[in-house]
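*Asks:* Sequence first, then the predicted structure, then my questions.
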Amino acid sequence: MIYSNLEEIIKLRRSVYPVSFSGSPVPKSTIEKMLELANWAPTHLRTEPWRFKVFGKIAMVSLLDQCKSLYVKNISAQKFNNTKLDRFEKHKSLVSHIVAIVVKRSGKVPEFEEMAATAMAVQNMWLYLSNTNRYGGYWSTPQYLMNEDFDNYLNLNKDEKFLGLFYVGELKENFKLPKGNRSNWREKVKFI
């Protein structure tokens with residue numbers, strides 16, 4: 001079912017972990033539409049700071065191998081978990097695409113504004129995928145990748161900053177969207 005009510009679309013948006021993906025490829029047209037809609041995020045002074053590097057199946061395997069390598073290199077012995085390495089291998093067969101989320105700093109506006117604009121672009125991607133009721137996404141911000149090694153792997157320029165990986169996949173056939181839960185919005189608002 002495709003939703004037509006904006007309120008419903010917003011309330012049904014969920015992070016869908018790769019374990020809930022079927023492994024079937026997401027059509028290129030869906031990926032392109034997702035990125036086209038990301039491009040409509042609000043942007044101060046029209047800096048349009050979002051940049052996306054899309055890894056399809058073959059490139060994604062190389063990306064996940066790099067993630068494994070940097071996990072081993074950058075995680076302390078106390079925090080190291082072999083299950084995480086196994087998860088990278090499983091992602092190779094479950095995930096259709098991985099999108100590296102990058103912000104390109106213009107110097108025209110404060111960096112946080114460009115990071116916020118990039119996050120809004122990702123929200124547009126998420127909302128689009130949620131509205132298909134067939135595809136899902138998950139934004140991962142692994143600290144072991146927030147370093148010069150990974151920036152070099154992504155071939156980032158000095159004015160670019162890596163913000164995370166967005167996993168995209170087709171939902172398993174009987175996947176049930178988890179119920180959303182938020183505390184009362186009125187507890188977070190003060191009218192003045």
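*Replies:* Perfect, thanks for sending it.

*Asks:* Output the below-cut-off pLDDT ranges for the chain.
*Replies:* Applying pLDDT under 70 to the chain flags the ranges 1-4.

*Asks:* Tell me which residue is most central in it.
*Replies:* residue 166 (2.2 Å; Cα atoms, centre = their mean).

*Asks:* looking at this, it is in a strand?
*Replies:* Yes. Per DSSP: H, G, I helix; E, B strand; the rest coil, residue 166 lies within a strand segment.

*Asks:* gap between the closest residue to it other than its chain neighbours and residue 164?
*Replies:* Take residue 166 and drop its neighbours on the chain: the residue closest to it by Cβ to Cβ, 6 or more residues apart in numbering is residue 99, 4.2 Å away. In short, each C-beta sits where N, CA and C put it, glycine included. Note on residue 99: its distance to residue 164, by Cβ to Cβ, to the nearest Å, is 9 Å.

*Asks:* Neighbour count: these two, which is higher?
*Replies:* residue 99 (22 against 19; other Cβ atoms under 10 Å).

*Asks:* could you point out which element follows the strand or helix carrying the residue nearest to residue 166?
*Replies:* Element membership of residue 99 [criterion: DSSP states H and E] is strand 97-104. Later in the chain than strand 97-104, the nearest helix or strand by DSSP H and E is helix 111-132.

*Asks:* Can you point out the buried residues in that next one?
*Replies:* 113-119, 121-122, 124-132 (16 or more other Cβ atoms under 10 Å).

*Asks:* before we move on, back to that, if I look at the residue nearest to the centre of the chain, how far off is residue 189?
*Replies:* Taking Cβ to Cβ, one finds residue 166 at 30 Å from residue 189.
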